[in-house]
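S.K.: Everything below, folded, please.
(one chain, ligands or ions: 2)
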Amino acid sequence: MADRSSGREGGRGRAAKVVVDRVLRGVGVSSGIAIGPAHVVDAGALLAPEYAVVEAELEAEVQRFAAAADKARRQVRKLKSKASTLPGSAAEEIGFLLDAHFAMLSGSRLMRGVERRIREDKVNAEAAVQAEITSIAQSFADMEDAYLAARVADVREVGQRLLRNLMQHKYQAFSFLPEGCIVLAEDLSPADTALMDPRRIAGFATMLGGAEGHTAIMARSLGLPAVLGTLGLMQGVQNGDTVVVDGITGQVCVNPSPDVLDGYRRRRAELLAERAQLKSLRKLPAITRDGTAVTLNANLELPRELDGAIEVGASGVGLLRTEFLFMNREDLPDEDEQTEILTRIVANMDGKPVTARTLDIGGEKIATALRGYFAEPTNPALGLRAIRLSLKEPKLLETQLAAMLRAGAHGNLRILLPMISSIAEVRRVREIMATVVRRLRRRGVKIASPLPKLGIMIEIPGAALSADGLAPFCDFFAIGTNDLIQYTLAIDRGDEQVADLYDPLHPAVLRLVQFTTEAALRARIPVSICGEMAGDPRYTALLLGLGIRELSMAPNNLPVVKRRLRGLDLVEATRRARTIMDQTDQGRIAALLDDFNDAAA
Ligand code: PEP
Ligand code: MG
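M.R.: Ligands and ions are numbered 1, 2, ... in the order given. Next up is the predicted model:
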C-alpha cells in the first residue's frame, strides 16, 4: 500500500489523508473489471416498527430478541476474526472496537434493558431496542464526558445491528445511485444483489461472502464484476472515492494513482474486446473437435437474464431458480402470478426446454413471506430448506407444481426438485403432482401434455451415492456441484474464511460426479451439471471425459465454455479423465488437468 497522498477533504468536513493505491484482497467471484466512484452502503438508520404485544406472546418476543442478539454476536465475532489479519495497528484498533460491541451484546445494560422493556412495556423487540438505545445515548450525553460521548456512536451501531437482524426484510435501495458507481458493503444477501441493475451499478465488493454462495452466483448472472470477503474493505473508504473492483484477481483498489488506473483501464478494454470476439461463436455448433455434440444450457437467476441466454445461443434453460419469485416482497406469489411469469419464459424459449426448479429457499436465501414457516435454524445449510420445506408445507409445492403444469402447456417445461436425499421424497412429490393434475383437469385448465418430465438435483453426497437407486424414480438428473462440494467437504460455500478449501477437484467430489453420471447412463436417463463447475472452462475437458454431455451455466460463461469444447478432442479428454480418476492427491489432479488444458491452448 503506498502512502503517496494528498490532503483531500474527508467526508466529515475535516482534512483527511487520502491513501493512494490502497489494494485490498478478497475473493474474485465474477469476471470483469469495474471502475467508478464508491457508494458505501450505510448499514444504519433503520426505522423500527412499533406495536403492542399481548401477554401470551411476550416470552416468544423475548426469544425473538435473543435470537437476533445471538446472530449479532456471531456477526461481530466473524468480523473480528477477519479484522485480526489486517496489517499494522488496524487489527488492534478494530479489534478493540468489536470487543466493545461484543460486550454490549452480552448481558449488558442494553440487553437487560431491552428485555425489561418488552416484558414491562409489552412492546415488540424493535421498539424496545430503539427506546433503550435512545435512553442510553441520553444518559451518556448528560454525563458530559468526551470518552462516553464517543461511545454513543458504538451503542447506536450495535442497536442498528440488532434492528437489522430483527427486521430481516430490509431491502436495499440501489435504484437512486449515480450511474456507474461501485457498491461497497459489509455484506449483501442474494436478494439485495438481485436488486442491482447492471446498467446503473458497475460492480460491488463486500467484506463477507465466499466464491460459491448465492450472492456470488447472482453477481455472475448479472455480469457484475465483484469481489467478496474483502479484508478491511469498510475502513477508510469514503463515498465518491475512486474504486477499482477486479473480479478476476480478487483485488479492490481504492484511490488508484493515474498510472495504476491506466493499467486497469487497459486490462478492462482487453477483456471487453475478448468478450466481443466470443460473440462470434454464437452461431457455431457446440461440438468437440472430433464431432461430439454437447448441450449448453443457461442457468437463470432472474427472468431478465433470458435475453442474454438467447443471445449467447443457449440450447435451453438447464436451471431456472424460482427463488426470485419470492424475494424482496412481503407476500407469497399465487398460482396465477407464478404461471404468468413461467409461461413468459417458456414461450420465449420457443420450444427449447426450460428446467424449472421448485423453491430452494432456506440456507442463505430467505424470503420474508416465508419467515413464519420455519424457526431460525441452528445450521441453515442442513436445515429445513428446499424440497424439505416444500414437503412440509405442501401448499407451497402444490401452487408451484400447478403453475409449472400450466406454463408447460405453452412450450417445453421440465420440473426439477432441489436437495433430494431419498426415494421417499420423490415418491411423495409424484403423489402430490398427481393430485394437482387431477385438480387442474377438474377445473378445466389447460396443462402440459404429455406431463412434464420430473428430475432431481443430485447435490447431497447421500443422493450421489444412491444415484443408482434414485434413477428409476426420476426422468433426469441435474448435478448441483455447488452444494455437492459444500456437503462433501464440509465447507460453507458462502464463507470467505474457508473459501480456499472449497475445491471442485477434490477426489471425493469427482468420484461422486462420476458415480452419478455412470448411474444415469446405465439407467438411460439424461444427466447434466448445473453447478458453477459447468461454467468454468477449466473443468470442461474433465466433465466431458467423465461422460457428461449437458452443461448448464450463467449465460455470460457459455461462450468461453463453447470455445473450450470446440477445441477439445474427446478421446484424449476421456483418457485424461481416466488418469485423473486414478489419483488421490488434489495437487496432482489439478496439475494433470491444467497441463491438458494448457496443451490445448
Ligand atoms: C448447486 O447446488 O450446484 C446448484 C446448482 O444449486 P444452488 O446453487 O441454487 O444451490
Ligand atoms: Mg444447490
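S.K.: and the longest strand for this protein?
M.R.: strand 33-40 (DSSP state E).
S.K.: residues in contact with it?
M.R.: 177-178, 180-185, 202-203, 224-225, 234, 237-248, 254, 261, 264-265, 267-268, 271 (CB atoms under 8 Å, 6 or more residues apart in numbering). (C-beta placed from N, C-alpha, C; glycine too.)
S.K.: go with 6 Å
M.R.: For strand 33-40, contacts defined as CB atoms under 6 Å, 6 or more residues apart in numbering pick out 177, 180-184, 202-203, 225, 237, 239-241, 243-246, 264, 267-268.
S.K.: swap in stretch 155-163?
M.R.: 44, 46, 48, 68, 72, 101, 104, 126, 129, 133, 136.
S.K.: Over to stretch 294-310?
M.R.: 218, 221, 286, 314-321, 324, 345, 348, 530, 549-555, 558, 562, 565.
S.K.: then it to CSV, C-alphas only?
M.R.: C-alpha atoms of stretch 294-310 as CSV (Å, rounded to 0.1, in the frame of the first residue of the first chain):
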residue,chain,number,x,y,z
VAL,A,294,-22.7,-31.1,-26.2
THR,A,295,-25.8,-29.4,-24.9
LEU,A,296,-25.0,-26.0,-23.4
ASN,A,297,-27.9,-24.6,-21.4
ALA,A,298,-28.3,-21.4,-19.4
ASN,A,299,-28.9,-21.0,-15.6
LEU,A,300,-31.4,-18.2,-14.9
GLU,A,301,-31.5,-16.5,-11.5
LEU,A,302,-33.8,-13.8,-12.7
PRO,A,303,-36.2,-13.6,-15.7
ARG,A,304,-34.3,-10.5,-17.0
GLU,A,305,-31.4,-12.8,-17.9
LEU,A,306,-33.5,-14.6,-20.5
ASP,A,307,-32.5,-12.2,-23.4
GLY,A,308,-28.8,-12.9,-22.6
ALA,A,309,-29.4,-16.6,-22.6
ILE,A,310,-31.0,-16.4,-26.1
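S.K.: Show me how far the longest strand of the chain is from its chain's centre.
M.R.: In terms of CA atoms, centre = their mean, to the nearest Å, the centre of strand 33-40 is set 21 Å apart from its chain centre.
S.K.: averaged over its residues, what pLDDT does it have?
M.R.: Averaged over strand 33-40, pLDDT sits at 95.
S.K.: List the strands paired with that strand, with their directions.
M.R.: strand 181-185 (parallel), strand 242-246 (antiparallel) (DSSP bridges).
S.K.: following the last one, which helix or strand shows up next?
M.R.: Read in the C-terminal direction, the helix or strand following strand 242-246 is strand 251-254, with elements assigned using DSSP states H and E.
S.K.: roughly how far is that following strand from the heart of the chain?
M.R.: Counting by CA atoms, centre = their mean, strand 251-254 comes out at 22 Å from the chain centroid.
S.K.: which residue packs closest to the closest residue to ligand 2 within the stretch 151-300 of the chain, ignoring adjacent ones?
M.R.: Nearest residue of the stretch 151-300 of the chain to ligand 2: residue 214, at 9.0 Å (CB to the ion). Using CB to CB, 6 or more residues apart in numbering and skipping residues adjacent in sequence, the residue nearest residue 214 is residue 190, 3.8 Å away.
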